[in-house]
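K.L.:
Structure for this input, please:
(2 chains)
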Amino acid sequence: MTRRRVTVMSPRTAAARRPRYPVSREIDEQTHLGEVYMRSLLRTQFRLALLVCTVLACVVLGLPMLFLLVPELRAVHLAGVPLPWAVLAGLIYPMFVAGAWLYVRQAERNERHFEDLVERQ
Amino acid sequence: MSLAAVVIVVVAAILIGAFGLRLSRTTSDFYVASRTVTPLWNASAIGGEYLSAASFLGIAGLILTHGADMLWLPVGWTGGYLVLLVLVSAPLRRSGAYTLPDFAESRLESMAVRRTASVLVVLIGWLYLMPQFQSAGIVLRAITGAPGWVGGLVVAVVVAVNVLSGGMRSITFVQAFQYWLKLTALAVPLVFLLMAWRSGGAPGLSEHDMAHWQLPLSSAKEYGLYSTYSLILATFLGTMGLPHVLVRFYTNPDGRAARRTTLVVLSLLGAFYLLPALYGWLGRIYAPDVAGTDAVVLTLPGRVIGGTLGDVLTALVTAGAFAAFLSTSSGLTVSVAGVIAQDLLGGGAVRAFRLATLMAVAVPLVLAVWARALPVADVVGLAFAVAASSFCPLLVLGIWWRRLSSTGALAGLFVGGGLACAAVMAQITGGPYGGLVGALLAQPAAWTVPIAFFVMVVVSFLTPHRVPLGVARTMVRLHTPETLNLDRGDWRSRSS
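P.N.:
Model prediction:
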């Protein structure tokens, strides 16, 4: 069995460090680090999109099931309007807008975060 | 008086087209305009182009006929923009694609995918144009007694003349105005109708309607739950694949503005779609005999209010309906003709575009005369189903999944789009079919969309060597904010 000999030296801290690349260059040259940045941006944005879609799917796909399984709900009246009509012909639209507004705010925040990360030198 | 209103709308459209010719000579004006268009204007323009005969006349008719289950239709047509917003809007703008085939080519670096996407755009466009022409025929027949094909021909000719003169194309302002015209044309008569309803002692629905029509999933239709779910899937996922919607996104200066515009679109559509449900409900009380047609919106003002005021309001609604036919048809025709000229006739020359415009209009016109007259909103629903089973997987996987291969995309487009188109053809030419098969063909999205996604993913896994080489660069272009100075590749849309 051969032993590898290792030379121990004191680290020359100033010279050993690679000259620092700006992150934008890492991305442009598609280095491993650049890919890590891109993947993290994609993952953050995709998770946000998936969250909105999941909530939307639960509401939209859940309502027909709810009306089917709990028939009493169909007879409930909201200010004189039957519940299915109050929800589907009225309340659901402001809910869409609210969801969209929250999404836009968070998506822009994610992008600002990514910009800060890339531009921080 | 209604005829006069139609003539005014048609003449105005032609004049604006002729005037627009002087305003916009080249496509590049479109981009110049994009720097000054605010999200509200742009969103109004998207709404103006999007709200078709199906929204203006069709929804109220279907609600009157089938009851609460049809409330999902406007919900889906609005909610589709929420899905579009979170999954597609900003990356699509950042892609620099001007049409769906553009996006397919830039993302997958394959001309085969581009051509397949082009064929699908044309098919979806024709399917969407056909009921617009049919409805125009119905409306014109209702006010003049002319045969059904006359209205379709009038709209087709006006649209062709407009598109050929290059008028409607670039003017965001005109389409934006169309939204507010349609909203007014539907909202003002509704206010008078509700006042008449109140002063008439606020009559309610019949006992039978209260127990059946008014409640979801209670109609006599078989497989109601399946149909509801399939309708939801088609409308929520199909919006992003409509050819005339994407072009408008290009008018946004950047991805962030595209998001904000979509948010405003959602608000505008939400406001508009509050109205048809009320028309359907009032129609059930005052005009249950027009069930099964798209005439309820046009019938109610004369029936409930009557007199000169009734005539004026009918004229207003009719004008709005014609504005809906013209604006949607123009937007679609421009998109379809552009794709035919660019990708199928092979050339951006003016002659190719002229020929393409005639093809874009003539085929759906022939279909409109020859095919079985289905309710307008049902046919438009089928166009959504085709879009949801082809372009939705292409866009969603293309934007978020690096391992999508060109072969996978091609296979998914063929299988998903093919199956949906086959179901649509069966539904338009034959039918209606009964039983489970009938339900599956009338609302194909619930099975065609999952199949399309499945095929795209599985074939992509099987053909990893066909993943485009520049995918990493494309992802940088699709997802990074424009403010960052990054290398985004040198792909340019060949449509611009």
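K.L.:
Quickly note the distance from the residue of chain A found nearest chain B to residue B:266.
P.N.:
Nearest to chain B, among the residues of chain A, is residue A:93, at 3.3 Å (C-beta to the nearest C-beta). Glycine gets a C-beta too; all of them are placed from N, C-alpha and C. Distance, residue A:93 to residue B:266, by C-beta to C-beta, to the nearest Å: 8 Å.
K.L.:
ok, these two, which is more surrounded?
P.N.:
residue B:266 (26 against 22; other C-beta atoms under 10 Å in any protein chain shown).
K.L.:
mind listing what the more buried one touches?
P.N.:
Counting by C-beta atoms under 8 Å, 6 or more residues apart in numbering or on different chains, residue B:266 makes contact with A:96, A:97, A:100, B:78, B:81, B:82, B:85.
K.L.:
Doesn't it belong to a helix?
P.N.:
Yes - counting by DSSP: H, G, I helix; E, B strand; the rest coil, one finds residue B:266 located in a helix.
K.L.:
ok so, going back, which neighbours do residue A:93 and residue B:266 share?
P.N.:
Listed as contacting both residue A:93 and residue B:266 by C-beta under 8 Å, 6+ apart are residue B:78.
K.L.:
could you pull out the strands for chain A?
P.N.:
Secondary structure of chain A (DSSP state E): strands at A:77-78, A:81-82.
K.L.:
any idea which of the ones you listed is most buried?
P.N.:
Compared across the strands of chain A, strand A:81-82 shows the largest average neighbour count, a mean of 17 (mean count of other C-beta atoms under 10 Å in any protein chain shown).
K.L.:
pLDDT on that strand, on average?
P.N.:
Averaging pLDDT along strand A:81-82 gives 82.
K.L.:
cool, stretch B:176-186 as well?
P.N.:
Mean predicted lDDT for stretch B:176-186 stands at 89.
K.L.:
re the thing from before, reformat the strands of chain A as TSV; add distance to residue B:478.
P.N.:
What follows is the strands of chain A, written out as TSV (distance: least, C-beta to C-beta, whole Å):
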stretch	distance to residue B:478
strand A:77-78	43
strand A:81-82	43
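K.L.:
Quick one: low-confidence residue ranges for chain B.
P.N.:
B:17-37, B:166-171, B:218-222, B:347-349, B:372-373, B:431, B:494-496 (pLDDT under 70).
K.L.:
Name the nearest residue to the residue of it found nearest chain A, ignoring sequence neighbours.
P.N.:
Relative to chain A, the nearest point of chain B is residue B:270 (3.3 Å; C-beta to the nearest C-beta). Spatially, and ignoring its direct neighbours in sequence, residue B:270 is nearest to residue A:93 (3.3 Å; C-beta to C-beta, 6 or more residues apart in numbering or on different chains).
K.L.:
isn't the one you found right next to residue B:274, touching?
P.N.:
Yes - Residue A:93 is within contact range of residue B:274, at 6.8 Å (criterion: C-beta atoms under 8 Å).
K.L.:
and residue 79, what is it in contact with?
P.N.:
In the absence of a named chain, chain A is used. Contacts for residue A:79 (C-beta under 8 Å, 6+ apart) come out as residue A:86.
K.L.:
wrong one, chain B
P.N.:
Each residue near residue B:79 by C-beta under 8 Å, 6+ apart is listed here: A:56, A:60, A:92, A:96, B:235, B:236.
K.L.:
quick one: which of those is most hemmed in?
P.N.:
In those, the most neighbours by other C-beta under 10 Å go to residue B:236, 30 neighbours.
K.L.:
Okay, and that one sits in which element?
P.N.:
Element membership for residue B:236, per DSSP states H and E: helix B:224-238.
K.L.:
List the buried residues for that helix?
P.N.:
B:224, B:226-238 (16 or more other C-beta atoms under 10 Å in any protein chain shown).
K.L.:
and the longest helix for chain A?
P.N.:
When chain A is parsed with DSSP state H, its longest helix is helix A:32-69.
K.L.:
Could you give the backbone dihedrals for residue B:483?
P.N.:
Recorded main-chain torsions at residue B:483 are phi -70, psi -20, according to degrees, to the nearest 10.
K.L.:
Isn't it up against residue A:114?
P.N.:
No - with contact defined as C-beta under 8 Å, residue B:483 does not reach residue A:114; the gap is 10.3 Å.
K.L.:
Have a look at those two and say which one is more surrounded.
P.N.:
Counted by other C-beta under 10 Å, residue B:483 and residue A:114 do not tie: residue A:114 has more neighbours, with 21 against 13.
K.L.:
List the contacts of that one.
P.N.:
Contacts of residue A:114 (C-beta under 8 Å, 6+ apart): A:37, A:40, A:41, A:44, B:480, B:481.
K.L.:
From these, list the buried ones, please.
P.N.:
A:37, A:41, A:44, B:480, B:481.
K.L.:
that older thread, from residue B:179, how far off is the residue of chain A closest to chain B?
P.N.:
16 Å.
K.L.:
how distant is stretch B:3-16 from the center of its chain?
P.N.:
23 Å (C-alpha atoms, centre = their mean, to the nearest Å).
K.L.:
Give me the neighbour count for the residue nearest to residue B:359 when sequence neighbours are not counted.
P.N.:
Distances taken as C-beta to C-beta, 6+ apart put residue B:340 closest to residue B:359, at 5.7 Å, once the chain neighbours are dropped. When neighbours are counted by other C-beta under 10 Å, residue B:340 registers 23.
K.L.:
Residue B:340 contacts residue B:360, doesn't it?
P.N.:
Yes - using C-beta under 8 Å, residue B:340 is in contact with residue B:360, at 6.1 Å.
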